[in-house]
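Q: One predicted model, sequence on top.
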Amino acid sequence: MDVAILTIGTELTRGELVNTNAAWLSTRLTELGFDVVEHAVVADDKPKIVRAFHRLASEVGVVIVTGGLGPTTDDLTAECAAEALGVALVRDEDSLARIRERFVSLKRTMSVSNEKQADFPAGATVLVNPIGTAPGFFITLGNARLFFTPGVPREMKKLFDEQIAPRIESHAKRDSYQIRIGTFGLPESVVGERLAGLEEANPGLVIGYRAHFPEVEVKVFVRAGDAAAAESRARSLADEVTRRLGDHAYGEGDGGLVAHVSELLVAKGLTLALAESCTGGLVGHLLTRPAGASRFLLAGAITYANEAKTEFANVPAELIAAHGAVSEPVARAMAEGIRARAKADFGVAITGVAGPGGGSPEKPVGTVFLAVASRSGTVVKPLLFVHDRPMIQTYAAYAALDLLRRTVAGLP
């Protein structure tokens, strides 16, 4: 059974929001064994929405619809679904009671406009939303089932996992399996070159790429006679992909390099301290955005000024005077100093010229020094990035995490 994803909202068609819902739903549906054949986005326009419902329902067996279930005048999804079915909107008193109870629990006053969130096409099945005011619902249009969720990502995810997936998973083909492999340090073109010929030699294999700066994800998708055969073959081919990419392939699944490094430190019971200059605390932000960083991260200092490098990372002022703040000796001293000060297993330091000004012929914009200090010694890596300021900062942060990964894992 093929699946389409329809996202509703003028803020999406205008580019004011990124459509993360479609990406997440596609991943989950693929994991369940469905073929997602289309992502459609439509503005808050009643005729366009109704036409989209009819078109998609005529082409696929399941349509997942997100957005347009709020209390405002541009939230038209339920009304359009009723029009597509040729039925009236009907108020569901149980849903209205739950909406009122939620406002009471939040100690907020409910607006009259919120009542419309309890209106559904006649005959629709309501999907209870335990973490928001907008319930979902599903209908049958022609031979297709259409499932409707709020556009708020966390509400959409909860409704999908708890109420939609159980209703559709038995219809999945279950003849495919996908493994996602994270890589860092190779351009997408080079990753593709290293994997050239794999698909031709292995019928049923599809290699996909998702470049999300500064990482490249490789998707190994295999279709076989059944799910078990597909998984076994995908595992074998993923091993070959990893072999070809070498130590640039760091792991599988969600979270990317940040999650992999965090899990590596936790698994080995190691602690970390950071001294960041040109990245302005970006490494610390990346590591602490997900929960659980307290298990390994002891301290982080934004040692932007030379005086801060001396005060917080114990870098001798004469060392900075002799070599400059952006230099191998200073990066080394920052990593060793912050490690000693925090009493951590590893110290990571970044110092560089992020631009657009501040460069020189000897140290142009994009010059960065990374350092990782541990009990066994300190490794320093000089790099030169030809990017703008945000990209230099981002790449430097990820390169520092990759250098830490390699140091912890004993890789070159």
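A: It's in.

Q: what is the mean pLDDT for stretch 238-245?
A: Averaging pLDDT along stretch 238-245 yields 98.

Q: same question, stretch 101-114
A: Mean pLDDT, stretch 101-114: 93.

Q: do the same with stretch 253-260
A: 92.

Q: could you dump that stretch to CSV, C-alpha only?
A: Below are the C-alpha coordinates for stretch 253-260, written out as CSV (Å, rounded to 0.1, in the frame of the first residue of the first chain):
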residue,chain,number,x,y,z
GLY,A,253,20.4,5.6,13.3
ASP,A,254,19.2,9.0,14.5
GLY,A,255,21.0,11.8,16.2
GLY,A,256,24.0,12.2,13.9
LEU,A,257,27.6,12.7,15.0
VAL,A,258,26.5,14.6,18.2
ALA,A,259,24.5,11.7,19.5
HIS,A,260,27.2,9.2,18.5
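
Q: Can you list the buried residues in that stretch?
A: Across stretch 253-260, burial judged by 16 or more other C-beta atoms under 10 Å covers 256-260. All C-beta spots, glycine's among them, are computed from the backbone N, C-alpha and C.

Q: who are the neighbours in contact with residue 2?
A: Contacts for residue 2 (C-beta atoms under 8 Å, 6 or more residues apart in numbering) come out as 34-37, 59-62.

Q: How is this structure divided into domains?
A: Domain ranges of the chain: 2-171, 176-252, 257-409, per automatic domain parsing.

Q: mind listing which of the contacts of residue 2 are in strands?
A: Judged by DSSP state E, the subset of these located in strands is 35-37, 62.

Q: From those, list the buried ones, please.
A: Buried residues within those, counting neighbours by 16+ other C-beta under 10 Å: 36, 62.

Q: Flag the least confident of the ones in strands among the contacts of residue 2.
A: pLDDT across the ones in strands among the contacts of residue 2 is at its lowest for residue 35, which sits at 91.

Q: Can you name the element that comes right after the strand or helix carrying residue 238?
A: Assigned by DSSP states H and E, residue 238 belongs to helix 227-245. Downstream of helix 227-245, the first helix or strand assigned by DSSP H and E is strand 249-252.

Q: Can you list the buried residues in that following strand?
A: Buried residues in strand 249-252, counted by 16+ other C-beta under 10 Å: 249-251.

Q: Same check on stretch 327-347?
A: Within stretch 327-347, the residues that qualify as buried are 327, 329-339, 341-342, 344-347, counting by 16+ other C-beta under 10 Å.

Q: Next step: the residues you listed restricted to strands.
A: Using DSSP E, 346-347 are the members of the buried residues of stretch 327-347 that sit in strands.

Q: In helices, which of the buried residues of stretch 327-347 fall?
A: Cross-referencing those against helices under DSSP state H gives 329-339, 341-342.

Q: from the buried residues of strand 249-252, which is closest to residue 274?
A: Nearest to residue 274, judged by C-beta to C-beta, of those is residue 250 at 19.5 Å.

Q: That closest one and residue 186 touch, don't they?
A: No: using C-beta atoms under 8 Å, residue 250 is not in contact with residue 186, being 11.4 Å away.

Q: picking that back up, just the closest of the ones in strands among the contacts of residue 2 to residue 94, please.
A: Taking C-beta to C-beta as the measure, residue 94 sits nearest to residue 62 out of these, at 25.6 Å.

Q: OK, contacts around that closest one?
A: 1-4, 34, 144-147, 168, 171.
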